[in-house]
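[1] sequence plus predicted model, see below.
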Amino acid sequence: MPRVFEVYATARQLMAQNGNPTQWGDFYPPHEMLRADVPAGRLWVVERDGVIRAAFALVFGEDPSYGYIEGAWRRNDPYATIHRLGSDGSGGIYDEVLTFCREKSDYLRIDTHHDNRVMQQLAERSGFCRSGIIYMCDDGTPRIAYEWYEGIE
(Lines give C-alpha, C1' and ligand atoms only; values in the text may rest on other atoms or scores of the structure.)
Protein backbone atom coordinates (compact mmCIF):
# COMPACT_ATOMS: atom_id res chain seq x y z
CA MET A 1 0.00 0.00 0.00
CA PRO A 2 2.79 2.53 0.60
CA ARG A 3 3.68 2.45 -3.11
CA VAL A 4 0.02 2.86 -4.08
CA PHE A 5 -0.16 5.91 -1.82
CA GLU A 6 2.96 7.31 -3.54
CA VAL A 7 1.44 6.74 -6.99
CA TYR A 8 -1.66 8.69 -6.02
CA ALA A 9 0.42 11.51 -4.52
CA THR A 10 2.30 11.80 -7.81
CA ALA A 11 -0.97 11.62 -9.77
CA ARG A 12 -2.38 14.52 -7.72
CA GLN A 13 0.72 16.58 -8.50
CA LEU A 14 0.47 15.76 -12.21
CA MET A 15 -3.21 16.69 -12.25
CA ALA A 16 -2.45 20.04 -10.63
CA GLN A 17 0.38 20.71 -13.08
CA ASN A 18 -2.01 20.01 -15.96
CA GLY A 19 -4.64 22.53 -14.84
CA ASN A 20 -6.76 20.24 -12.67
CA PRO A 21 -5.84 21.01 -9.04
CA THR A 22 -9.30 20.57 -7.50
CA GLN A 23 -10.63 17.20 -8.69
CA TRP A 24 -8.53 15.26 -6.17
CA GLY A 25 -7.18 18.15 -4.12
CA ASP A 26 -4.44 17.18 -1.67
CA PHE A 27 -5.86 13.99 -0.20
CA TYR A 28 -8.04 12.06 -2.64
CA PRO A 29 -8.39 9.16 -2.73
CA PRO A 30 -8.19 8.78 1.05
CA HIS A 31 -6.05 5.93 2.36
CA GLU A 32 -9.02 4.29 4.08
CA MET A 33 -10.91 4.15 0.76
CA LEU A 34 -7.96 2.48 -0.95
CA ARG A 35 -7.56 0.03 1.92
CA ALA A 36 -11.27 -0.84 1.65
CA ASP A 37 -10.89 -1.40 -2.11
CA VAL A 38 -8.51 -4.31 -1.51
CA PRO A 39 -10.83 -6.80 0.27
CA ALA A 40 -13.68 -5.65 -1.99
CA GLY A 41 -11.62 -6.84 -4.99
CA ARG A 42 -11.81 -3.54 -6.84
CA LEU A 43 -8.28 -2.11 -6.48
CA TRP A 44 -5.96 -3.01 -9.34
CA VAL A 45 -2.41 -1.95 -10.11
CA VAL A 46 -0.21 -1.73 -13.17
CA GLU A 47 3.23 -3.11 -12.49
CA ARG A 48 6.28 -2.74 -14.69
CA ASP A 49 9.65 -4.30 -13.91
CA GLY A 50 8.45 -5.10 -10.41
CA VAL A 51 7.37 -1.52 -9.63
CA ILE A 52 3.77 -0.39 -9.24
CA ARG A 53 3.26 2.43 -11.74
CA ALA A 54 -0.50 2.99 -11.52
CA ALA A 55 -3.59 2.07 -9.55
CA PHE A 56 -7.30 2.18 -10.28
CA ALA A 57 -10.61 0.81 -9.14
CA LEU A 58 -12.84 -1.29 -11.37
CA VAL A 59 -16.27 -1.37 -9.78
CA PHE A 60 -19.03 -3.66 -11.03
CA GLY A 61 -22.68 -2.79 -10.57
CA GLU A 62 -24.80 0.31 -10.22
CA ASP A 63 -22.93 3.46 -9.29
CA PRO A 64 -25.23 5.73 -7.25
CA SER A 65 -23.70 8.84 -8.80
CA TYR A 66 -24.78 7.60 -12.23
CA GLY A 67 -28.47 7.29 -11.33
CA TYR A 68 -29.24 10.81 -12.54
CA ILE A 69 -27.65 12.22 -15.67
CA GLU A 70 -28.15 15.47 -17.53
CA GLY A 71 -27.99 13.83 -20.91
CA ALA A 72 -28.66 10.15 -21.51
CA TRP A 73 -26.97 6.81 -21.21
CA ARG A 74 -27.10 4.92 -24.48
CA ARG A 75 -27.57 1.59 -22.67
CA ASN A 76 -29.02 0.58 -19.34
CA ASP A 77 -27.31 -2.81 -19.16
CA PRO A 78 -25.06 -3.94 -16.30
CA TYR A 79 -21.73 -2.12 -16.42
CA ALA A 80 -18.39 -1.66 -14.70
CA THR A 81 -17.01 1.74 -13.79
CA ILE A 82 -13.37 2.78 -13.89
CA HIS A 83 -12.62 5.01 -10.92
CA ARG A 84 -9.56 6.59 -9.32
CA LEU A 85 -7.10 5.97 -12.18
CA GLY A 86 -3.79 7.46 -11.15
CA SER A 87 -0.25 6.90 -12.34
CA ASP A 88 3.28 7.96 -11.60
CA GLY A 89 3.52 9.52 -15.07
CA SER A 90 4.69 6.38 -16.86
CA GLY A 91 3.49 6.43 -20.44
CA GLY A 92 0.97 4.01 -21.90
CA ILE A 93 -0.74 3.28 -18.59
CA TYR A 94 -4.21 4.26 -19.74
CA ASP A 95 -4.10 1.86 -22.70
CA GLU A 96 -3.04 -1.02 -20.44
CA VAL A 97 -5.80 -0.26 -17.96
CA LEU A 98 -8.40 0.02 -20.68
CA THR A 99 -7.38 -3.27 -22.29
CA PHE A 100 -7.67 -4.99 -18.90
CA CYS A 101 -11.06 -3.41 -18.14
CA ARG A 102 -12.46 -4.30 -21.56
CA GLU A 103 -11.49 -7.92 -20.92
CA LYS A 104 -13.51 -7.82 -17.68
CA SER A 105 -16.61 -6.01 -18.97
CA ASP A 106 -18.15 -5.29 -22.35
CA TYR A 107 -19.84 -2.13 -21.05
CA LEU A 108 -17.76 0.47 -19.23
CA ARG A 109 -18.48 3.87 -17.76
CA ILE A 110 -16.07 6.53 -16.57
CA ASP A 111 -16.37 10.10 -15.40
CA THR A 112 -14.03 13.00 -14.92
CA HIS A 113 -13.84 16.58 -13.75
CA HIS A 114 -14.40 19.46 -16.18
CA ASP A 115 -10.76 20.54 -15.72
CA ASN A 116 -9.30 17.09 -16.36
CA ARG A 117 -8.56 17.66 -20.02
CA VAL A 118 -6.05 14.80 -20.09
CA MET A 119 -8.66 12.20 -19.07
CA GLN A 120 -11.25 13.70 -21.41
CA GLN A 121 -8.85 13.37 -24.34
CA LEU A 122 -7.88 9.82 -23.37
CA ALA A 123 -11.50 8.72 -23.00
CA GLU A 124 -12.60 10.23 -26.30
CA ARG A 125 -9.53 8.93 -28.17
CA SER A 126 -10.23 5.41 -26.94
CA GLY A 127 -13.85 5.24 -28.08
CA PHE A 128 -15.77 6.45 -25.05
CA CYS A 129 -18.73 8.67 -25.90
CA ARG A 130 -19.67 11.65 -23.78
CA SER A 131 -23.11 10.93 -22.33
CA GLY A 132 -23.77 13.94 -20.13
CA ILE A 133 -23.16 15.36 -16.68
CA ILE A 134 -23.54 13.39 -13.45
CA TYR A 135 -23.22 14.63 -9.89
CA MET A 136 -21.13 12.89 -7.27
CA CYS A 137 -23.24 11.51 -4.41
CA ASP A 138 -20.66 12.39 -1.75
CA ASP A 139 -20.32 16.11 -2.50
CA GLY A 140 -22.64 17.00 -5.40
CA THR A 141 -19.84 18.12 -7.72
CA PRO A 142 -20.47 17.68 -11.44
CA ARG A 143 -18.54 15.26 -13.60
CA ILE A 144 -18.48 14.60 -17.34
CA ALA A 145 -19.76 11.06 -17.84
CA TYR A 146 -18.69 8.70 -20.61
CA GLU A 147 -19.62 5.21 -21.68
CA TRP A 148 -18.06 2.58 -23.92
CA TYR A 149 -19.26 -0.66 -25.42
CA GLU A 150 -18.42 -2.50 -28.63
CA GLY A 151 -20.05 -0.74 -31.57
CA ILE A 152 -20.77 2.56 -29.80
CA GLU A 153 -20.65 5.56 -32.09
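    Looks like it arrived, so ask away. Note that this is a predicted model, so its numbers are computed, not measured.
[2] packing partners for the longest helix along the chain?
    In the chain, assigned by DSSP state H, the helix with the most residues is helix 2-17. Contact here means 3 or more C-beta pairs under 8 Å, 6 or more residues apart in numbering; DSSP states H and E; on that basis helix 2-17 packs against helix 31-37, strand 51-60, strand 80-87. The way it works is simple: take the backbone N, C-alpha and C, and place the C-beta from them, glycine included.
[3] for it, what is the average pLDDT?
    Mean pLDDT, helix 2-17: 97.
[4] how about stretch 54-72?
    Stretch 54-72 comes out at a mean pLDDT of 97.
[5] stretch 125-138 now?
    Rounded mean pLDDT across stretch 125-138 is 96.
[6] who's in contact with residue 133?
    By C-beta atoms under 8 Å, 6 or more residues apart in numbering, residue 133 lies in contact with 69, 70, 71, 142, 143, 144, 145.
[7] any idea of the pLDDT on the fifth one?
    At residue 143, the pLDDT value in this model is 98.
[8] helix or strand: which one has it?
    In this assignment (DSSP states H and E), residue 143 forms part of strand 142-149.
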